[in-house]
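[1] Next comes the sequence, and after it the predicted model I'd like to discuss.
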Amino acid sequence: LAAGALGGALAALVHAFVDFGLELPAIAGVFAATLGIAWGCARHDDRPEDGASFGKEKLRALHVVSAIALAILTMLCLKEAVVAARLDEISALEASFLKDETRVDQKVVREAAYRAKDVLALAPDDCAVEARRARFLATAADLASSSEALPLRLEAVEAARSAARLSPARASAQGTLALKLLEAAHALDVAPVATGARADRSMRAVELRREGEARLVLAFTLGPTYPNLHLAAGHYYLHKTAETGSRRDFELARDHLLRACALQPADAPSYRVSAQKLIDLERPKLGAYASELEAALEGAVPPPRSGGG
């Protein structure tokens, strides 16, 4: 009985090194129960029949192994408790700056990013926390000075890349990475730089932009009905249209904005209003494209396309 209980507990422990089985309450409960059985058998090492069938040395070893396994389980439970507490702190910080987006404190956003990094030290395979950290860093970059913004953008790219590596089949992870890559590319374009380094930085921006657009295609392939990503992609391609005058970029902007409006959640701010604000901002550069897009947004049926290029 003791050998069977210890074997089952060790199997669960080995499995925990490659998966998160012990984080599930049911599995953790069975693990603790089997350890309790093994421990109970080891407590009777003074009984003759136990000594005859198992040997006092083996029972003593069983006692020690059971104690170690219980200690490991306790440490895992403590780690989960610390992670849960840190996540609560992050959620509270996030709520504080989402309450009024017009008065966001950069220190609070950076503190949320630091707390997310602490959680990742304990739970390095948490894709959701990596994605949240990327968003916090990007928000901090929006609020930072020009000299501080670029490093934060690049750090946000690495956080988003880590999230996409952990969950490569999630549209949200690939979409977040795509947006952070495109934001970093824009930051590289506008950041001040010495004349000699301009060519290298421009090449880096081109690489990031190319990868970001490819990741957008992948994200829409994985989740073509992801409305917030369609809205962000529409904004990106409309900005790009204003810079390049490309008909292809305009058609992508129009398609994504129309699909975002068609898929908009009922409780979200109006995507149509958001698109109109961007049109008004870029109207001098958009020229005739501005009127064409406004006409399309008035009620045209969204086109069937959902890809990014």
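    On my side now, so go ahead.
[2] which SS class is residue 169?
    Secondary structure assignment for residue 169 (DSSP: H, G, I helix; E, B strand; the rest coil): coil.
[3] That one: how many residues sit nearby?
    Residues within reach of residue 169, counting by other CB atoms under 10 Å, total 10. Placement of C-beta: from N, CA and C, glycine included.
[4] What's the separation between it and residue 241?
    Using CB to CB, to the nearest Å, residue 169 is found at 31 Å from residue 241.
[5] again with residue 266
    On the measure of CB to CB, residue 266 and residue 241 end up 29 Å apart.
[6] got it, and residue 271?
    According to CB to CB, residue 271 and residue 241 sit 18 Å apart.
[7] do residue 225 as well
    For residue 225 relative to residue 241 (CB to CB), the value is 24 Å.
[8] Who has more neighbours out of these two?
    residue 241 (25 against 12).
[9] Could you tell me the model confidence score at the more buried one?
    pLDDT for residue 241: 92.
[10] same check, this time on residue 84
    At residue 84, the pLDDT recorded in the model is 85.
[11] Where do the helices of the protein begin and end?
    Taking DSSP state H to define them, one finds helices in the chain at 2-16, 25-42, 48-53, 56-98, 106-122, 127-143, 146-166, 171-190, 198-222, 227-244, 247-263, 271-286, 288-297.
[12] Spatially central residue for this structure, please.
    Closest to where the C-alpha atoms of the chain average out (CA atoms, centre = their mean) is residue 131, at 1.9 Å.
[13] Identify the residues contacting the residue lying closest to that one once chain neighbours are set aside.
    Spatial nearest neighbour of residue 131, chain neighbours left out: residue 163 (4.3 Å); criterion: CB to CB, 6 or more residues apart in numbering. Neighbour list for residue 163: 127-128, 130-131, 134, 173, 176-177 [criterion: CB atoms under 8 Å, 6 or more residues apart in numbering].
[14] try residue 112
    90, 93-94, 97, 132, 136.
[15] Using pLDDT, spot the least trustworthy of the residues you listed.
    Out of the contacts of residue 112, that is residue 97, at 75.
[16] Neighbours of the residue nearest to it when sequence neighbours are not counted, how many?
    Counting by CB to CB, 6+ apart, the nearest residue to residue 97 once its immediate chain neighbours are dropped is residue 104, at 4.5 Å. Each residue near residue 104 was counted by other CB under 10 Å, and the total is 17.
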